[in-house]
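Trainee: Predicted coordinates and the sequence they were generated for:
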Amino acid sequence: MKKLAFINTKNRYRYIPISYERFVSRFIAIGRAISVVIIAGGFSHISFSQAQDPTLDLAKLKDAYPQQIVGSEGNNLIWRDGERMVLQYSAIDRPLNQVLKAPLLGDMFRFHYPKRAAATVPQMLHDPGRIRYESFFTKMYGDCRRGGVRTRKVAWLPAYQGGHVNITTTNDVDQALERVMAELSTLPREVMKYLVPQAGGYNCREIAGTNRLSAHSFGISIDINIKFANYWKWDAPNFLWKNSVPIEIVSIFEKHGFIWGGRWHHYDTMHFEYRPELLR
Ligand SMILES: [Zn+2]
């Protein structure tokens with residue numbers, strides 16, 4: 001009789017023949033070895049960037065934030081109050097850590113966000129949504145250091161005593177989260193452990209080790225249960241993507257404008273963030 005192994009594929013546990021398990025382990029080992037060679041070879045800036053298309057990216061921003069952005073002219077975004085913000089891109093070979101520190105507006109579109117895809121290992125240094133042009137977000141949502149962010153408490157899965165999260169009312173993000181809640185509440189009970197207790201929404205803070213504001217500072221982010229989360233910094237320096245969050249949860253958030261940190265090479269699988277411009 002063939003031996004069977006219990007492994008997790010796409011968040012579903014299945015019994016499969018042991019030889020297949022060995023094959024998968026070998027495949028992962030080869031993949032790791034290749035990644036190490038790429039880093040060792042000094043090509044750590046390699047990324048699978050999207051084409052730089054200001055017309056397309058300006059249109060995505062206008063579609064995603066109709067209450068705030070009224071149009072564009074040339075390479076400029078036009079805000080409701082008449083302010084213009086230029087959309088430019090960093091050179092394609094500029095290293096990711098530098099882009100993260102001081103991005104340009106167009107750099108937010110550097111990576112394609114794979115919405116509605118399976119939860120799989122992201123490409124090397126592929127972090128769609130992790131690049132944020134801070135002036136864009138402080139203008140949109142306010143500067144929390146000056147008390148400028150308007151938030152409201154939204155009930156988090158009340159049937160499961162999930163408490164409340166503070167989320168911004170700008171762009172009706174609070175209402176988008178309520179639609180997420182309505183759909184999440186229809187998932188099977190065994191999924192709720194990933195969602196309750198949640199680990200908070202609005203929080204005026206900088207990203208650890210940087211002077212950049214966290215996406216939680218704008219009231220657009222929520223962290224689900226930390227107990228089942230994976231975060232690259234907990235595993236650094238030799239981090240390798242891993243995830244246990246069921247894709248059903250991710251799909252519901254994406255449907256309502258929230259991206260997931262589990263789609264990043266620098267994974268943060270508890271993190272969801274309202275970024276509809278990346279889901280266009
Ligand atoms: Zn977070």
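Mentor: Structure's in. What do you need?
Trainee: Near the ion, which residues of the stretch 101-250 of the chain? Just list them.
Mentor: Within the stretch 101-250 of the chain, the residues that sit near the ion (Cβ under 5 Å from the ion) are Ser221, Asp223. Glycine gets a C-beta too; all of them are placed from N, C-alpha and C.
Trainee: By proximity to the ion, which residue of the stretch 101-250 of the chain wins?
Mentor: The nearest approach of the stretch 101-250 of the chain to the ion comes at Asp223, 4.2 Å away (Cβ to the ion).
Trainee: Could you report the neighbour count for that residue?
Mentor: Asp223 has 21 neighbours, counted by other Cβ atoms under 10 Å.
Trainee: in what helix or strand does the closest residue to it other than its chain neighbours lie?
Mentor: Closest residue to Asp223 apart from its sequence neighbours, by Cβ to Cβ, 6 or more residues apart in numbering: Ala199 at 3.7 Å. Using DSSP states H and E, Ala199 falls within no helix or strand.
Trainee: correct me, but Ala199 touches Lys227?
Mentor: No: Ala199 lies out of contact with Lys227 (Cβ atoms under 8 Å); the separation is 9.0 Å.
Trainee: neighbour count winner among the two?
Mentor: Counted by other Cβ under 10 Å, Ala199 and Lys227 do not tie: Ala199 has more neighbours, with 15 against 11.
Trainee: Return the per-residue confidence for the more buried one.
Mentor: For Ala199, the pLDDT comes out at 98.
Trainee: That one and Ser49: what is the separation?
Mentor: Ala199 sits 32 Å away from Ser49, taking Cβ to Cβ, to the nearest Å as the criterion.
Trainee: Nearest to the ion: which residue in the chain?
Mentor: His271 (3.5 Å).
Trainee: tell me the contacts of that residue?
Mentor: When contacts are counted by Cβ atoms under 8 Å, 6 or more residues apart in numbering, His271 touches Ala215, Ser221, Ile222, Asp223, Trp260, Gly261, Gly262.
Trainee: List the beta-bridge partners for it.
Mentor: Asp223 (DSSP bridges).
Trainee: and it, how far is that from Leu213?
Mentor: Taking Cβ to Cβ as the measure, His271 falls 15 Å from Leu213.
Trainee: ditto for Asn76
Mentor: Separation of Asn76 from Leu213 (Cβ to Cβ): 24 Å.
Trainee: So for the two, which residue has more residues nearby?
Mentor: Neighbour count, other Cβ under 10 Å: between Asn76 and Leu213, Leu213 has more, with 19 against 16.
Trainee: mind checking pLDDT for the more buried one?
Mentor: Confidence score, pLDDT, at Leu213: 95.
Trainee: these two touch, right, it and Ile207?
Mentor: Yes: counting by Cβ under 8 Å, Ile207 is a contact partner of Leu213 at 7.4 Å.
Trainee: how about the helices in the stretch 1-150 of the chain?
Mentor: Using DSSP state H, counting those that start in this stretch, the helices found in the stretch 1-150 of the chain span residues 18-40, 54-64, 96-101, 134-141.
Trainee: which of the ones you listed has the lowest average pLDDT?
Mentor: helix 18-40 (a mean of 44).
Trainee: Buried residues of stretch 163-174, list them for me.
Mentor: By neighbour count on 16 or more other Cβ atoms under 10 Å, the buried set for stretch 163-174 is Val165, Asn166, Ile167, Thr168, Thr170, Asn171, Val173, Asp174.
Trainee: Any idea how far apart the tips of that stretch sit?
Mentor: 15 Å (Cα to Cα, to the nearest Å).
Trainee: Any idea how many residues pack against Glu188?
Mentor: Wrong residue type there; residue 188 is Pro, not Glu. The tally of other residues near Pro188 (other Cβ under 10 Å) stands at 8.
Trainee: And the pLDDT for it?
Mentor: Pro188 carries a pLDDT value of 97.
Trainee: quick one, what contacts Phe228?
Mentor: By Cβ under 8 Å, 6+ apart, Phe228 lies in contact with Lys193, Tyr194, Ser244, Val245, Met270.
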